[in-house]
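A.B. asks: Here you go, sequence then predicted model.
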Amino acid sequence: MDKKIAFVKDYGAYLKVEKGLITCKIKDQVKWSIAPTELHSIVVLTNSSISSEVVKVANEYGIEIVFFNNHEPYAKLIPAKYAGSFKVWLKQLTAWKRRKVQFAKAFIYGKVHNQWVTLRYYERKYGYDLMSQEMDRLAREITLVNTAEDVMQKEAEAAKVYWRGVKSLLPKSLGFKGRRKRVSDNLDPFNRALNIGYGMLRKVVWGAVISVGLNPYIGFLHKFRSGRISLVFDLMEEFRSPFVDRKLIGLARESADKVTDLKTLYSLFSDMKEDEIYTQARRLVNAILNDEEYRPYLAK
Amino acid sequence: MVMLYLIFYDITDDNLRNRVAEFLKKKGLDRIQYSVFMGDLNSSRLKDVEAGLKMIGNRKKLQEDERFFILIVPITENQFRERIVIGYSGSEREEKSNVVW
């Protein structure tokens, strides 16, 4: 039996341990109650309180606790015993100095390749023309450039083609005009759904990066900024299209209404292919430790 | 290796019986009848459940007319799928989603 993921979505909820079960209550009404052995994550989506005993039990059973705001994870509890691995962190800094472009290229090559795979899937299946060959060309060009700026440039070009393709795959009623990152009140449903998907993806990648002992703050592609988990953003790039966009495009084409239902969305992303993400994090740490080439995740 | 287990009990003492039920819930097993639980356990969790139940049983010296009797039966998923269900119970194990909302 697969372990479950529990969401705290009710405003003012209180999480505590009762008779050994992790219980979510509002006033005296029990929202859910579950044995710690059955859980792998607790995701807190809204303002609520958590008893310190829950934290203790979660630590004992290896349950991750992640806090979301506006569908983005902003905090994650890390056990006091975690300190990463100092050797890895030092190697990571050396790699950041010497091999930044190499890693940046790998991440973006993976990203564009996987975006191409997504578009090509629909071209082959339904005979649409989504300009996927353009994406393919850009992916190849990424392997030839030599600076981080050029990599970013290619990424931006690919993004234009990609989101135009995605737009034509979606029902017109969703009113999707292109990818908007800004979190605002009048965001269209599909962009909001994308944010939820990327939020859930970031949560998993964050966990994977930490579990292999990498320092999440030292990234190659995304700039250094105090408190920004740049490496997590880096590693996420490869998975956005295959793990989030593809699922959402499928859902939206099936029924435009489903894209607005929070439970459907969070459930859709609760069974992220964690194995693949953890494997990729291990590849990354090996590439850093052994000065080897990093091979990005390539979707099929 | 993970295996599906059915746990039946017949316990006369109310206090012990409640303890057993609560204990099994705490260990992540599903209550499918008043005195039947079921769930997936690996060998270490099975040992843990077994030891816990023994401890609860040792709490009280039983009188002649009292019973404290627990069966833990392993079954395969295939055997479980062959089950015959008569009647309806809200707690019969269904295919559950992995999301607690």
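C.D. replies: Thanks, I have the structure now.

A.B. asks: excluding its backbone neighbours, what's nearest residue A:280?
C.D. replies: residue A:297 (4.9 Å; Cβ to Cβ, 6 or more residues apart in numbering or on different chains). For every residue, glycine as well, the C-beta is placed using N, CA and C.

A.B. asks: so the one you found touches residue A:117, yeah?
C.D. replies: No. Counting by Cβ atoms under 8 Å, residue A:117 is not a contact partner of residue A:297; they are 11.0 Å apart.

A.B. asks: So what's the residue count around the residue nearest to residue A:280?
C.D. replies: 21 (other Cβ atoms under 10 Å in any protein chain shown).

A.B. asks: Report how many residues lie close to residue A:91.
C.D. replies: 17.

A.B. asks: buried sites along the helix or strand hosting it?
C.D. replies: Using DSSP states H and E, residue A:91 sits in helix A:86-98. Using 16 or more other Cβ atoms under 10 Å in any protein chain shown as the test for burial, helix A:86-98 gives A:88-89, A:91-92, A:95-96.

A.B. asks: which residues does whatever residue of the stretch 101-250 of chain A ends up closest to chain B contact?
C.D. replies: At 11.3 Å from chain B, residue A:200 is the closest residue in the stretch 101-250 of chain A, using Cβ to the nearest Cβ. By Cβ atoms under 8 Å, 6 or more residues apart in numbering or on different chains, the residues touching residue A:200 are A:244, A:266, A:269-270, A:272.

A.B. asks: which among those residues are in contact with chain B?
C.D. replies: A:266, A:270 (Cβ under 8 Å from any Cβ of the partner chain).

A.B. asks: Pick out whichever of the contacts of residue A:200 sits closest to chain B.
C.D. replies: Among those, and counting by Cβ to the nearest Cβ, the member closest to chain B is residue A:270, at 5.0 Å.

A.B. asks: Now do the same for that closest one: its pLDDT.
C.D. replies: What the model reports as pLDDT for residue A:270 is 92.

A.B. asks: likewise the one 3 residues further on?
C.D. replies: What the model reports for residue A:273 is a pLDDT of 89.

A.B. asks: returning to what we had before: kindly reformat the buried residues of helix A:86-98 as TSV containing distance to residue A:174.
C.D. replies: Listed next are the buried residues of helix A:86-98 as TSV, based on distance: Cβ to Cβ, whole Å:
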residue	distance to residue A:174
A:88	43
A:89	43
A:91	45
A:92	41
A:95	41
A:96	40
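
A.B. asks: Can you lay out those as TSV showing distance to chain B and pLDDT?
C.D. replies: TSV is the format used below for the buried residues of helix A:86-98 (distance: Cβ to the nearest Cβ, whole Å; pLDDT from 0 to 100):
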residue	distance to chain B	pLDDT
A:88	30	93
A:89	33	93
A:91	35	95
A:92	33	95
A:95	36	94
A:96	37	93
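
A.B. asks: what do residue A:297 and residue A:117 both touch?
C.D. replies: Common neighbours of residue A:297 and residue A:117 (Cβ under 8 Å, 6+ apart) are residue A:242.

A.B. asks: which residues does the residue nearest to residue A:280 contact?
C.D. replies: Residue A:297 touches A:110, A:114, A:238-239, A:242, A:276, A:280, counting by Cβ under 8 Å, 6+ apart.

A.B. asks: Likewise for residue A:117?
C.D. replies: Residue A:117 makes contacts with A:241-242, A:298-300, as judged by Cβ under 8 Å, 6+ apart.

A.B. asks: Contact partners for the residue nearest the centre of chain B?
C.D. replies: Closest to where the C-alpha atoms of chain B average out (Cα atoms, centre = their mean) is residue B:37, at 3.0 Å. Neighbouring residues of residue B:37 by Cβ under 8 Å, 6+ apart: B:6-7, B:21, B:24-25, B:29-31.

A.B. asks: Near the residue of the stretch 51-200 of chain A found nearest chain B, how many other residues are there?
C.D. replies: The nearest approach of the stretch 51-200 of chain A to chain B comes at residue A:61, 9.8 Å away (Cβ to the nearest Cβ). Residues within reach of residue A:61, counting by other Cβ under 10 Å, total 16.

A.B. asks: repeat for the one 5 residues further on
C.D. replies: Counted with other Cβ under 10 Å, residues neighbouring residue A:66 total 22.

A.B. asks: That one - that's part of a strand, no?
C.D. replies: Yes. Assessed with DSSP: H, G, I helix; E, B strand; the rest coil, residue A:66 lies in a strand.

A.B. asks: next one: stretch A:13-24 to chain centre, how far?
C.D. replies: Here stretch A:13-24 is found 28 Å from its chain centre; the criterion is Cα atoms, centre = their mean, to the nearest Å.

A.B. asks: is that stretch up against chain B anywhere?
C.D. replies: Yes. For stretch A:13-24, a contact with chain B is found by Cβ under 8 Å from any Cβ, at A:19-21.

A.B. asks: Sort out which of those residues are buried, if you could.
C.D. replies: If we count by 16+ other Cβ under 10 Å, those have these buried: A:20-21.

A.B. asks: In a markdown table: the residues of stretch A:13-24 next to chain B, plus secondary structure, pLDDT and distance to residue A:231.
C.D. replies: Below are the residues of stretch A:13-24 next to chain B laid out as a markdown table (DSSP: H, G, I helix; E, B strand; the rest coil; pLDDT from 0 to 100; distance: Cβ to Cβ, whole Å):
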| residue | secondary structure | pLDDT | distance to residue A:231 |
| --- | --- | --- | --- |
| A:19 | coil | 91 | 40 |
| A:20 | coil | 92 | 37 |
| A:21 | strand | 95 | 36 |
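
A.B. asks: picking that back up, give the full set of residues in contact with the residue of the stretch 51-200 of chain A closest to chain B.
C.D. replies: Per Cβ under 8 Å, 6+ apart, neighbours of residue A:61: A:36-37, A:39.

A.B. asks: how about 10 Å then?
C.D. replies: Shown in contact with residue A:61 (Cβ atoms under 10 Å, 6 or more residues apart in numbering or on different chains): A:3, A:22, A:35-40, B:28.

A.B. asks: Return a selection command, for use in ChimeraX, containing the buried ones of these.
C.D. replies: What follows is the ChimeraX syntax for the buried subset of those, where burial is set by 16+ other Cβ under 10 Å:
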select /A:22,35,36,37,38,39,40 /B:28
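
A.B. asks: Can I get the contacts of residue A:61 in CSV including pLDDT and secondary structure?
C.D. replies: Shown next, in CSV, are the contacts of residue A:61 (pLDDT from 0 to 100; DSSP: H, G, I helix; E, B strand; the rest coil):
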residue, pLDDT, secondary structure
A:3, 88, coil
A:22, 96, strand
A:35, 94, coil
A:36, 94, helix
A:37, 91, helix
A:38, 91, helix
A:39, 94, strand
A:40, 94, strand
B:28, 90, coil
